[in-house]
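Student: predicted model and sequence follow; I will ask about them next.
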Amino acid sequence: MKILTVCGMGSGSSLILKMNIDSILEEENIKADVEACDLGSVGGQSADLIVSTAELENQLSDAQAEKVFVNNVVDKDAIKKAVLPKLKS
């Protein structure tokens, strides 16, 4: 499985999301490839799951992947609750 974490510039909240998702995957013993990227690069990437902030939901509506949007990129428990169902389906 390939997961993209996305933010506007690809170096802020997407990196925090990536670190949290990497940690969640390790805790749950789930194998996946996680990559942080900027909003403009999403179209050139293939992914099974896109994780981003709620503020970018409209800009990512055309992306051809499952999507999860979170309100707080540092709230690992909220990220886990949002992402795990998608990872286990």
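Tutor: Ah, there it is.
Student: ok, the spatially most central residue of the chain - contacts?
Tutor: The centroid of the chain falls nearest to residue 51 when counting by Cα atoms, centre = their mean (2.2 Å). Applying Cβ atoms under 8 Å, 6 or more residues apart in numbering to residue 51 gives the contacts 3-6, 17, 21, 67-70, 79, 82-83. C-beta here means a position set from N, CA and C on the backbone, and glycine is covered the same way.
Student: measure it to residue 22 for me?
Tutor: 12 Å (Cβ to Cβ, to the nearest Å).
Student: so the spatially most distant residue from the centre of the chain versus residue 87, what's the distance?
Tutor: Relative to the centre of the chain, the most outlying C-alpha is that of residue 29, 17.5 Å out, by Cα atoms, centre = their mean. Remark: distance between residue 29 and residue 87 (Cβ to Cβ) = 11 Å.
Student: so residue 76 versus residue 83, what's the distance?
Tutor: 10 Å.
Student: overlap in contacts of these two?
Tutor: Contact criterion Cβ under 8 Å, 6+ apart; residues bridging residue 76 and residue 83 by contacting each: residue 24.
Student: looking at the two, which one has more neighbours?
Tutor: Remark: of residue 76 and residue 83, residue 83 carries more neighbours, 23 against 16, as counted by other Cβ atoms under 10 Å.
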